[in-house]
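*Asks:* Structure, please.
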Amino acid sequence: FLFLLAPELLNLWLCSDFVLNSLYVAQWLSAGWMINALAQPVAILLQSSGRPDLLAKTHMVELFPYLALLWMLTGEFGITGTAAAWFIRATLDAIILNEIAGRVVVEIKNEVSLVRIRILGVILSSIIFVNIENLTIRLILLFLISLWSLFKLWTFINKLIK
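*Replies:* Predicted coordinates for the structure are as follows:
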């Protein structure tokens, strides 16, 4: 929703000059947020499985490369570079935490493969969607994604009930 309708939402909220300067920031952050959502369940799983140290160690290992990337991209591209650096860190964090959780909790090993596909899907769809300027097409995509999400939620809830 935020990614597809960022131009219109920013224009409603602020003004057209601000949209030109912040559109990519909003899109980088919303794409990173989607990927970060794929890291949260395994972060909780690692903590609840008695291995919160792995989460802390992973974040410590990520810290200095992230700070270097943040410094480089912010210096080169300003706030857009800052948002892009966070997107990259969130993506790597999701991949690393899912891989670690797949090794610690063997029962979710198959789910880790699905998360890799989901991360790739977010990245590829973001690359495609960022180039769609027509609002009608973006609204249709939003509708289709919402339908697919509702279907996935419905199947998940049915699994829990049975």
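*Asks:* Is the residue positioned nearest the centre of the chain within a helix or a strand, and which one?
*Replies:* In the chain, the C-alpha nearest the mean C-alpha coordinate belongs to Ile35, at 2.0 Å (Cα atoms, centre = their mean). Using DSSP states H and E, the element containing Ile35 is helix 16-37.
*Asks:* List the buried residues for that helix?
*Replies:* The neighbour-count check on helix 16-37 (16 or more other Cβ atoms under 10 Å) flags 19, 22-32, 34-36 as buried. Placement of C-beta: from N, CA and C, glycine included.
*Asks:* Closest one of the residues you listed to Thr82?
*Replies:* Val25 (7.8 Å; Cβ to Cβ).
*Asks:* related to what we said a few turns ago, give me the contact list for the very next helix or strand once past the helix holding Ile35.
*Replies:* Downstream of helix 16-37, the first helix or strand assigned by DSSP H and E is helix 40-48. For helix 40-48, contacts defined as Cβ atoms under 8 Å, 6 or more residues apart in numbering pick out Pro52, Leu54, Leu55, Leu97, Asn98, Ile100, Ala101, Val104, Val105, Ile108, Val115.
*Asks:* Next, format these as JSON lines and append pLDDT and distance to Val130.
*Replies:* Shown next, in JSON lines, are the contacts of helix 40-48 (pLDDT from 0 to 100; distance: Cβ to Cβ, whole Å):
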{"residue": "Pro52", "pLDDT": "92", "distance to Val130": "36"}
{"residue": "Leu54", "pLDDT": "94", "distance to Val130": "34"}
{"residue": "Leu55", "pLDDT": "93", "distance to Val130": "31"}
{"residue": "Leu97", "pLDDT": "93", "distance to Val130": "26"}
{"residue": "Asn98", "pLDDT": "91", "distance to Val130": "25"}
{"residue": "Ile100", "pLDDT": "92", "distance to Val130": "31"}
{"residue": "Ala101", "pLDDT": "90", "distance to Val130": "30"}
{"residue": "Val104", "pLDDT": "87", "distance to Val130": "35"}
{"residue": "Val105", "pLDDT": "84", "distance to Val130": "35"}
{"residue": "Ile108", "pLDDT": "82", "distance to Val130": "32"}
{"residue": "Val115", "pLDDT": "85", "distance to Val130": "22"}
